[in-house]
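Enquirer: make a model of this:
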Amino acid sequence: MQAKPQPAGPSPAAVRKWRRRLADEKAEGRIYRSLASRRSGEEREILLGLADAEERHAAHWANLLGEQAGEPAAGDIRMRVLAWLARHFGSVFVLALVQRSETRSPYDTDSDATRAMAADERMHEEVVRGLAARGRARVSGTFRAAVFGANDGLVSNLALVLGVSGGGVSNQAVLLTGLAGLLAGALSMGAGEYVSVRSQRELLAASAPGPTAHTALPQLDVDANELALVYRARGMAPDDAEQHAAELLRHYPSSLDDPNAPAAEGHDVVGTGIGAALSSFCFFATGAAIPVLPFLFGLSGTAALVVATVLVGLALLLTGAVVGILSGGPPLRRGLRQLGIGLGAAAVTYLLGLLFGTAIG
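Expert: Numbers count the residues shown, from 1 in each chain. Below you'll find the model as predicted:
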């Protein structure tokens, strides 16, 4: 009697893919647990929930592999880098990177993954997007001042140095102009950022409830409740405003600490004027120093200009990539956009310097 053929096992290619998927899911679970260890309250619980979901996905691949799971695979290099960053930093920068990682889930087209796993990954992207948005809101004021300060310093001082060089002045004059541009620009940026943030905070404060408005509550006519108009003016629907006002009056004065009362928002997003001004000053000065470095180290003429342009180009790529990562966009594309705009402005200034230098000469 002929023996019944045994079913063929998974192919070596399938085993390699499953092991890679298993390693990636385990790495993602570690990332979320590392991030959770640096959080508290609701954010910690959310991150731990994501870690549990990734471990369920890992169990799926482990079940498919069975005895062929072998030693744990290294996993994708991006996952390993993210795991290292999560262990050592755990910042909004890491969350932004994780958000981009979640958008690359292969489960929609992987026949070995379940539909539930593919749906999980799409939801994970939205959860991480929400967590990253909280972090972006906390740092947006200072981060904006830092990024724009550095970018303005790079572009404006490179343009200034190239424009003066195009006019045919001496190396000493170019260096002096670059240092003057650094100090003038950094002071101007710092002062402007301070005034901007202070003005925005004052506008927000003007929209906050008046400090003595609550003293009129005991005298309000309950049948013609003006308090409901206050809540409607601040965005509540009419029925909700009437109900909320009635509840507040019923429990006055303990209701003054009501956490559900509408209030002006945005103070945390704006940040402080001093913090924004210092960030803007320091980062503008740092960016503006880069075009001057070749002249400080004794280079002159075309060599100094080429080195300054290359250094500024690299810095523009870096700042653009950082903005791309934190905004959830493609870092290379954002870096190239920053590079094109910055060097384009500098090139126009250099050409104008050549034109005016020739005309004056």
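Enquirer: quick check: the gap between Ser196 and Ala184.
Expert: 18 Å (Cβ to Cβ, to the nearest Å). C-beta: built from backbone N, CA, C; applies to glycine.
Enquirer: likewise for Ile341?
Expert: 22 Å.
Enquirer: Ser196 and Ala184: which is more packed in?
Expert: Applying other Cβ atoms under 10 Å to Ser196 and Ala184 shows that Ser196 carries more neighbours, namely 17 against 14.
Enquirer: element containing that one?
Expert: Assigned by DSSP states H and E, Ser196 belongs to helix 171-206.
Enquirer: which elements pack onto that helix?
Expert: helix 115-166, helix 267-270, helix 273-289, helix 293-296, helix 301-326 (3 or more Cβ pairs under 8 Å, 6 or more residues apart in numbering; DSSP states H and E).
Enquirer: now do the first one: which elements does it pack against?
Expert: In this case it means helix 115-166. Helix 115-166 packs on helix 41-65, helix 92-102, helix 171-206, helix 267-270, helix 273-289, helix 301-326, helix 331-360, going by 3+ Cβ pairs under 8 Å, 6+ apart.
Enquirer: nearest to Ser111, of those helices?
Expert: helix 41-65 (11.8 Å; Cβ to Cβ).
Enquirer: now the element after the closest one, going C-ward?
Expert: helix 77-88.
Enquirer: so for that following helix, what gets flagged as buried?
Expert: Within helix 77-88, the residues scored as buried using 16 or more other Cβ atoms under 10 Å are Met79, Arg80, Leu82, Ala83, Leu85, Ala86, Arg87.
Enquirer: again with stretch 121-136
Expert: Residues of stretch 121-136 classed as buried: Glu121, His124, Glu125, Val127, Val128, Arg129, Leu131, Ala132, Ala133, Gly135, Arg136 (neighbour count, 16+ other Cβ under 10 Å).
Enquirer: next one: the host helix or strand of Ala245 to chain centre, how far?
Expert: Secondary structure assigned from DSSP H and E places Ala245 in helix 238-250. Relative to its chain's centre, helix 238-250 lies at 39 Å (Cα atoms, centre = their mean, to the nearest Å).
Enquirer: equivalent analysis for stretch 15-33, please.
Expert: Distance, centroid of stretch 15-33 to centroid of chain: 26 Å (Cα atoms, centre = their mean).
Enquirer: which residues touch the nearest residue to Gly153 once chain neighbours are set aside?
Expert: Among residues not flanking Gly153 along the chain, Gly287 sits closest, at 2.8 Å (Cβ to Cβ, 6 or more residues apart in numbering). The contact partners of Gly287, taken as Cβ atoms under 8 Å, 6 or more residues apart in numbering, are Gly149, Ala150, Asn151, Asp152, Gly153, Leu154, Asn157, Ala315.
Enquirer: equivalent analysis for Ala315, please.
Expert: Counted by Cβ under 8 Å, 6+ apart, Ala315 has contacts Ala150, Leu154, Gly287, Ile290.
Enquirer: now with 7 Å?
Expert: Contacts of Ala315 were listed using Cβ atoms under 7 Å, 6 or more residues apart in numbering, and they are Leu154, Gly287, Ile290.
Enquirer: Gly29 too?
Expert: Contacts for Gly29 (Cβ under 7 Å, 6+ apart) come out as Ala51, Glu54, Glu55, Ala58.
Enquirer: apply 8 Å and report the result again.
Expert: Applying Cβ under 8 Å, 6+ apart, the residues contacting Gly29 are Ala51, Asp52, Glu54, Glu55, Ala58.
Enquirer: against Ala133, how distant is the nearest residue to Arg44 once chain neighbours are set aside?
Expert: Nearest residue to Arg44, sequence neighbours excluded (Cβ to Cβ, 6+ apart): Ala36, at 4.9 Å. Using Cβ to Cβ, one gets 18 Å for the distance from Ala36 to Ala133.
Enquirer: from Arg30, how far off is Ala277?
Expert: From Ala277 to Arg30 the distance is 40 Å (Cβ to Cβ).
Enquirer: mind checking which of these two has more residues around it?
Expert: Comparing Ala277 with Arg30 by other Cβ under 10 Å, the one with more neighbours is Ala277, at 23 against 20.
Enquirer: give me the pLDDT for the more buried one.
Expert: As predicted, Ala277 sits at a pLDDT of 79.
Enquirer: the one 10 residues further on now?
Expert: As predicted, Gly287 sits at a pLDDT of 90.
Enquirer: in which helix or strand would I find Gly168?
Expert: Going by DSSP H and E, Gly168 is not in any helix or strand.
Enquirer: which one of the buried residues of helix 77-88 is nearest to Leu95?
Expert: When the buried residues of helix 77-88 are compared against Leu95 (criterion: Cβ to Cβ), the nearest one is Ala86, at 9.0 Å.
Enquirer: does the closest one touch Ala36 like I think?
Expert: No - if you go by Cβ atoms under 8 Å, Ala86 and Ala36 don't touch, sitting 9.4 Å apart.
Enquirer: residues touching stretch 321-337, excluding its own?
Expert: Under Cβ under 8 Å, 6+ apart, the answer for stretch 321-337 is 92-93, 96-97, 99-100, 129, 132, 136, 143, 147, 316-320, 338.
Enquirer: so Ser101 sits against Ile77, correct?
Expert: No - under the contact definition of Cβ under 8 Å, Ser101 does not touch Ile77, with a separation of 11.7 Å.
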